[in-house]
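Student: sharing a sequence plus its predicted fold:
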Amino acid sequence: MTLSKFNYKLTIQYDGTNYSGWQFQQNAKSIQEVITNSINQILRQEINLIGAGRTDAGVHALGQVANFVSDTELDLFKFKYSLNSVLPNDISVTLIEPVEINFHSRFNAKKRVYIYLFSNQKSPFYNRYSFTLFSGFDIQKLNSLSKVFFGSKDFTSFSKNNPDVQNKICEVYEARWRKEKNLVIFYIEANRFLYGMVRTIAGSLLKASSMEEGIKYLEEIFNSKNRDSAADAVPAKGLFLFKVKY
């Protein structure tokens, strides 16, 4: 007799301030661990929670996606209510839906979208989720410089060294800036992202925007294939995994 398996897709929001990132880590609290333990507690079975994006320590999510396979067919409304009741206030599951048994939140993802928030004034309401910069933003110049990142390229210089990842080629589809009242929003969409990549790109773009030959500076960073040639990364607190596209 073959037992039926049920695959469930979760859409998740979290404040990453107090976590070591999405992925399980020894001696550090992760988002994946907290959600997995909460599901295990409710279902009374061990599940494997697979995330679409491995956000770093301190990074937030508005649209993280994960999935798990269960032996139990769930009442989705009841399960979502129970799960959010158990989860801490800085993690929320906004949607649960059944998917095909072969759906894999990471491998089936086509595109991932991140946003980074900058604020131009000190505010207790912006401080936790944005990086405050009082200098002016030349949005037109930043958008022009961002085009250097479009296409399929080697992003070795824009990522932290990770010996487990040999392939450093990523394809960037969009990268743009806009101002919204007291916030400046950097939006970037790609097929995949490397460790620390978005924050290093944002920091390098800001530095390039202050130069006369900003495009040349960015091209030299790409060509060097050396992280030390890029600018400092902006802080984690302004970064959000915005959406995963399938």
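Tutor: Done, it's in.
Student: give me the below-cutoff pLDDT ranges for this protein.
Tutor: 1-3 (pLDDT under 70).
Student: run through the bridge partners of residue 184.
Tutor: Per DSSP bridges, residues listed as beta-bridge partners of residue 184: residue 118, residue 179.
Student: could you say which helix or strand holds residue 127?
Tutor: If you go by DSSP states H and E, residue 127 is not part of any helix or strand.
Student: so what's it up against?
Tutor: By Cβ atoms under 8 Å, 6 or more residues apart in numbering, residue 127 lies in contact with residue 119. Just so you know, the C-beta spots here come from the backbone N, C-alpha and C atoms, and that holds for glycine as well.
Student: report the separation between it and residue 91.
Tutor: 21 Å (Cβ to Cβ, to the nearest Å).
Student: is residue 193 in contact with residue 112, as I believe?
Tutor: Yes: applying Cβ atoms under 8 Å, one finds residue 193 in contact with residue 112, separated by 6.1 Å.
Student: hey, what's in contact with both of these two?
Tutor: Common contacts of residue 193 and residue 112 (Cβ under 8 Å, 6+ apart): residue 53.
Student: using the record's assignment, carve the chain into domains.
Tutor: Annotated domains of the chain cover 6-99, 111-245 [automatic domain parsing].
Student: tell me how far the ends of the last one are from each other?
Tutor: In domain 111-245, first residue to last residue: 5 Å (Cα to Cα, to the nearest Å).
Student: and what of stretch 104-124?
Tutor: Counting by Cα to Cα, you get 39 Å between the two ends of stretch 104-124.
Student: buried residues in it?
Tutor: 105-106, 108-109, 112-120 (16 or more other Cβ atoms under 10 Å).
Student: for residue 11, give me its contacts.
Tutor: Residue 11 neighbours (Cβ under 8 Å, 6+ apart): 63, 64, 65, 93, 94, 95, 96.
Student: tell me the phi and psi of residue 112?
Tutor: Note on residue 112: its backbone torsions stand at phi -130, psi 140 [degrees, to the nearest 10].
Student: and the gap between it and residue 123?
Tutor: Noted for residue 112: a distance of 29 Å to residue 123, by Cβ to Cβ.
Student: now swap in residue 232 and tell me
Tutor: Distance, residue 232 to residue 123, using Cβ to Cβ: 23 Å.
Student: got it, and residue 187?
Tutor: Counting by Cβ to Cβ - residue 187 and residue 123 are separated by 21 Å.
Student: over to residue 174?
Tutor: Separation of residue 174 from residue 123 (Cβ to Cβ): 28 Å.
Student: could you check how far residue 109 is from residue 186?
Tutor: To residue 186, residue 109 is 21 Å away according to Cβ to Cβ.
Student: an error on my part: the question was meant for residue 232.
Tutor: 15 Å.
Student: ok, now residue 11?
Tutor: Counting by Cβ to Cβ - residue 11 and residue 186 are separated by 23 Å.
Student: try residue 69
Tutor: Residue 69 sits 36 Å away from residue 186, going by Cβ to Cβ.
Student: distance to residue 143 added to the buried residues of stretch 104-124, as JSON lines?
Tutor: Shown next, in JSON lines, are the buried residues of stretch 104-124 (distance: Cβ to Cβ, whole Å):
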{"residue": "105", "distance to residue 143": "31"}
{"residue": "106", "distance to residue 143": "30"}
{"residue": "108", "distance to residue 143": "31"}
{"residue": "109", "distance to residue 143": "26"}
{"residue": "112", "distance to residue 143": "21"}
{"residue": "113", "distance to residue 143": "17"}
{"residue": "114", "distance to residue 143": "17"}
{"residue": "115", "distance to residue 143": "15"}
{"residue": "116", "distance to residue 143": "14"}
{"residue": "117", "distance to residue 143": "17"}
{"residue": "118", "distance to residue 143": "14"}
{"residue": "119", "distance to residue 143": "19"}
{"residue": "120", "distance to residue 143": "17"}
